[in-house]
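Peer 1: with the input below, show me the fold.
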Amino acid sequence: MQSRTLVPTALAVAVTAAAGSIASKPAVESDWYATLRKPPYQPPALAFPIAWTSLYTDIAVVSAATLDEAPPAVRRSYIRALTLNLVLNGSWSWLFFNRRKLGASAVAAGVLTASSADLTRRAAAVRGAKAAPLGLYPLWCAFATALSTHIWVLNRR
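Peer 2: Presented below is the predicted three-dimensional model:
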């Protein structure tokens, strides 16, 4: 993997992670979040930074390697798909935690799941089984969609 690909890819992923963290931190520490009704299968708070750190690492590394190996047309298409995915990823935190739009965040999580599955498909088309770590991303996003939707349903007024 070339550093000229990994550095900008990792930077884009890090900016996404930072944006999500900025949106999330005040709300997670607030009375609003503490009083939300949550389903019994919600993981403990510590699970989220561990899961997302691992997933963001997978996104950066697998995407950089995919970009290195892809022919130019596929590379351009992958960059567009990755950019859209990262925008969707960061948007969820802003919708849920900052804007407190539970329904919209549930829909956004579903769109992010589809985008993550598409990104994984694109990486697998270039790298085959070497793209497998990225497959955890749409699985986690699907779980997040179910969790977001359930929180929305439990807290509708």
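Peer 1: contact partners for the residue positioned nearest the centre of the chain?
Peer 2: Nearest to the geometric centre of the chain sits Asn89, at 4.2 Å (CA atoms, centre = their mean). Going by CB atoms under 8 Å, 6 or more residues apart in numbering, Asn89 touches 16, 20, 112. Every residue, glycine included, has its C-beta placed from N, CA and C.
Peer 1: and what of Val15?
Peer 2: Contact analysis of Val15 by CB under 8 Å, 6+ apart lists Leu86.
Peer 1: if we can go back for a sec, which one of the contacts of Asn89 sits in the busiest neighbourhood?
Peer 2: Within these, most neighbours by other CB atoms under 10 Å means Leu112, with 27 neighbours.
Peer 1: what mean pLDDT would you report for whichever helix or strand that one is part of?
Peer 2: If you go by DSSP states H and E, Leu112 is part of helix 102-127. Mean per-residue pLDDT for helix 102-127: 98.
Peer 1: what's the first helix or strand after that helix?
Peer 2: Going down the chain from helix 102-127, the next helix or strand is helix 136-154, by DSSP H and E.
Peer 1: would JSON lines of the contacts of Asn89 with distance to Leu119 be doable?
Peer 2: Shown next, in JSON lines, are those (distance: CB to CB, whole Å):
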{"residue": "Thr16", "distance to Leu119": "13"}
{"residue": "Gly20", "distance to Leu119": "17"}
{"residue": "Leu112", "distance to Leu119": "10"}
